[in-house]
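*Asks:* Here is the input, now give the coordinates:
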Amino acid sequence: GFVGKKEKHCNDNDPADSQQGDNWDHVAYDPEHRLVISVVPGKRTVKNVEKLVADFKNRTGGRIMNLMTSDEYKPYKKAILKAYGKKTTPPHTGKRGRPKGSRRVAAKGLKYATVHKIRRKGRVVKIDLRVIFGSKAEVEAAIEASAVSTVINTAFVERHNGTDRNRNARKVRKSYCFSKDWDVHNAMTYFTMYSYNFCWPVRTLRVQDRNHRWLSRTPAMVAGLTDHIWSLGEWLG
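*Replies:* Modelled structure (predicted):
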């Protein structure tokens, strides 16, 4: 979405435009439970990507995930390494010269891959897997163990973005309902993204009971965070 005016009309030298233009949703999403774990709205910057990954790590107790994936936006690699990497200092070689400084390396078990989209005439014709951390065999094993997908893709988070546009008119494309205030836009993003987890039954998550009746479930129910669909009043309380 955008706030106030389109990004192309913003002036980088005008402080007033720092809170106008494109406003991205940086989202950490669990596709198996359809759960939004973390969201950081704002400009697409290194700082916001680092905030997202750090918040995700905090909310998941610092555990190493079975597999992390994203598009090819470069700051994700550094942000993941910053959050999940370990500092290491190369041993002294005994040779003359300044010793090598310490650096961060991926923690054991960390698996991260990106989606590389090949386009022709503006259309995606092929998607390649690019392994960033971990081995290709480890990443492929994680994909094989997935309950929802057999390939690396960004379809789940993109589909959720479509759901959020349906729930938040400010983000509808080609609309006069776009936000006029940066902070209000961010607040609405937090509201719709997180209330979705507890208050929004997802059709593909429903199950049948013994009498073959369909039981609606929210992402939070599937993830074991609650046992019922919350009303907005309950969630806000």
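
*Asks:* what about residue 95, neighbour count?
*Replies:* 6 (other Cβ atoms under 10 Å). Yep, even glycine has a C-beta here, placed from its N, CA and C like the rest.

*Asks:* Wasn't it part of a helix?
*Replies:* No. Using DSSP: H, G, I helix; E, B strand; the rest coil, the secondary structure at residue 95 is coil, not a helix.

*Asks:* Average pLDDT for stretch 228-237, rounded please.
*Replies:* Stretch 228-237 carries an average pLDDT of 96.

*Asks:* What distance separates the opening and closing residues of it?
*Replies:* Across stretch 228-237, the terminal residues are separated by 16 Å (Cα to Cα, to the nearest Å).

*Asks:* what packs against the strand or helix carrying residue 105?
*Replies:* Taking DSSP states H and E as the definition, one finds residue 105 inside strand 103-106. Packed against strand 103-106, as judged by 3 or more Cβ pairs under 8 Å, 6 or more residues apart in numbering; DSSP states H and E, are the following elements: helix 75-84, strand 85-88.

*Asks:* Mind listing what's buried along the first one?
*Replies:* Yep, that's helix 75-84 we're talking about. By neighbour count on 16 or more other Cβ atoms under 10 Å, the buried set for helix 75-84 is 75, 76, 77, 79, 80, 81, 83, 84.

*Asks:* who touches it?
*Replies:* 45-46, 49-50, 52-54, 56-57, 64, 68, 70, 104-107, 110, 112, 114, 132-133 (Cβ atoms under 8 Å, 6 or more residues apart in numbering).

*Asks:* Can you tell me which of the residues you listed end up in helices?
*Replies:* Among the contacts of helix 75-84, DSSP state H puts 46, 49, 50, 52, 53, 54, 56, 57 in helices.

*Asks:* Now do stretch 68-75, average pLDDT.
*Replies:* pLDDT averaged over stretch 68-75 gives 94.
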